[in-house]
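> using only what follows, build the 3D model:
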Amino acid sequence: MIRSGRPRSPRGSGSRLREEILRATAELLTRTGHADAVSIRAVSELVGVSPPSIYRHFADKDELIEAVVAQVFEDLADALRTATDSATSPMTQLRDQGMAYVRFALAHPEQYRLATAPTDTGGAIDQVLTSGAFEHFARTVRTCMDEGTMAPRDPLPIVLELWSVAHGIASLLIAKPYLPWGDREAVANRVMGAACIGFSVLDLIGEDPPTPETVTIWLDRLRRTEPPP
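All right, here's what the predicted structure looks like:
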């Protein structure tokens with residue numbers, strides 16, 4: 001019989017223990033750098049309970065990891081919410097939300113990798129379109145359209161494309177940290193800013209998608225008709 005040094009939990013404290021298990025799993029993911037290195041036994045030892053206590057809350061390790069990833073999406077949504085300043089323009093809010101996304105990914109690389117890894121399951125890690133983070137992006141894109149910064153249309157493709165930009169730069173910064181990025185914050189800021197502004201520029205050009213030649217002609221006309229600031 002396995003015994004732990006943890007005192008017997010009082011009645012009704014099951015939800016608190018579940019949160020402790022999730023925090024311990026997230027800590028192990030960060031410490032070990034890979035889900036394969038996390039085991040039910042290791043989690044139970046960190047929390048101070050027996051393995052059967054873990055199984056009372058999670059059927060197996062996969063379900064435990066999935067619950068941790070679901071929590072990652074919730075934490076990511078909180079990060080985007082905190083980064084959103086209603087006093088700024090919707091376009092600035094969109095850029096700031098993208099930056100909050102990148103910062104969160106860099107601060108939690110293993111949890112982020114799990115949250116965005118390919119999967120065949122229909123669990124919480126696949127519910128991107130209903131996540132709070134996705135909704136924050138979508139709401140801000142709709143506001144940009146309402147105020148005229150972007151042309152009115154179905155916001156879903158734009159949200160997915162902006163999400164892919166944030167994911168792309170975050171993933172590269174995590175996977176290839178030794179490339180000569182320079183200031184990672186500045187790089188991510190330029191990438192996200194260019195992506196957000198790009199949609200407005202494409203609307204002005206009026207061709208979807210524009211060719212490089214079309215953009216070159218448009219820029220040449222702009223330079224000839226408007227003096228530099």
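
> not counting sequence-adjacent ones, nearest residue to Pro155?
Val141 (4.4 Å; CB to CB, 6 or more residues apart in numbering). Using the backbone N, CA and C atoms, a C-beta is placed for each residue, glycine as well.

> I'd guessed that neighbour sits against Leu162; true?
Yes. Taking CB atoms under 8 Å as the definition, Val141 is a contact partner of Leu162 at 7.3 Å.

> and for these two, which residues touch both?
Residues touching both Val141 and Leu162 by CB atoms under 8 Å, 6 or more residues apart in numbering: Leu94.

> restrict the lowest-mean-pLDDT helix or strand in the chain to CA atoms and write it as PDB.
Between all helices and strands in the chain, the lowest mean by mean pLDDT, DSSP states H and E belongs to helix 109-115, at a mean of 78. Taking Å, rounded to 0.1, in the frame of the first residue of the first chain, the C-alpha atoms of helix 109-115 are listed here in PDB:
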ATOM      1  CA  PRO A 109       6.800  26.700 -24.400                       C
ATOM      2  CA  GLU A 110       6.000  23.000 -23.500                       C
ATOM      3  CA  GLN A 111       2.400  23.700 -22.600                       C
ATOM      4  CA  TYR A 112       2.000  25.800 -25.700                       C
ATOM      5  CA  ARG A 113       3.500  23.000 -27.900                       C
ATOM      6  CA  LEU A 114       1.000  20.600 -26.500                       C
ATOM      7  CA  ALA A 115      -1.900  23.000 -27.000                       C
END
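
> what lies in contact with that helix?
With CB under 8 Å, 6+ apart as the criterion, helix 109-115 contacts 26, 29-30, 32-35, 65, 68-69, 72-73, 76, 104-105, 125, 170, 174.

> how many residues are close by the closest residue to Tyr55 other than its chain neighbours?
Spatial nearest neighbour of Tyr55, excluding adjacent residues (CB to CB, 6+ apart): Ile40 at 7.3 Å. By other CB atoms under 10 Å, 18 other residues sit near Ile40.

> what does Arg221 give?
Neighbours around Arg221, by other CB under 10 Å: 10.

> flag the shaky bits of the chain, pLDDT-wise.
Along the chain, the parts satisfying pLDDT under 70 run over 1-14, 33, 118-130, 226-229.

> mind giving me the domain ranges of it?
10-58, 68-225 (automatic domain parsing).

> so the residue nearest to Tyr55 touches Asp62, yeah?
No. Using CB under 8 Å, Ile40 is not in contact with Asp62; the gap is 10.7 Å.

> what sits against Arg103?
Shown in contact with Arg103 (CB under 8 Å, 6+ apart): 79, 188.

> can you pull the phi/psi pair for it?
phi -60, psi -40 (degrees, to the nearest 10).
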